[in-house]
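Colleague: sequence-free structure coming up:
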């Protein structure tokens, strides 16, 4: 049985696929609070990294760890 994936595995995967995902043309960002400051910061990063990518913000409230089972 393979060991469970660690958070570093997911971060490495995110780095590996981020550019290809951004090329799809839309990024959804989940927010805890409806913050114009955070939205503007995300837009500024996208202007530099992938200016053609549209961004959608969804405010979903506080994030909580879910049980694995």
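Modeller: Received, thanks. None of the values given here were measured: they were computed from a predicted structure.
Colleague: give me the residue ranges of the chain where confidence is low.
Modeller: For the chain, the stretches with pLDDT under 70 are 1-8, 69.
Colleague: tell me the centre residue of it?
Modeller: With distances taken as Cα atoms, centre = their mean, residue 29 lies nearest the centre of the chain, 5.5 Å away.
Colleague: helix, strand or coil for that one?
Modeller: strand (DSSP: H, G, I helix; E, B strand; the rest coil).
Colleague: isn't it up against residue 58?
Modeller: Yes. Using Cβ atoms under 8 Å, residue 29 is in contact with residue 58, at 7.4 Å. All C-beta atoms are positioned from the backbone trio N, CA, C, and that covers glycine.
Colleague: which residue is the nearest non-sequential neighbour of residue 19?
Modeller: Closest residue to residue 19 apart from its sequence neighbours, by Cβ to Cβ, 6 or more residues apart in numbering: residue 50 at 7.7 Å.
Colleague: could I get the contacting residues of the residue nearest to the centre of the chain?
Modeller: Contact analysis of residue 29 by Cβ atoms under 8 Å, 6 or more residues apart in numbering lists 39, 42, 55, 56, 57, 58.
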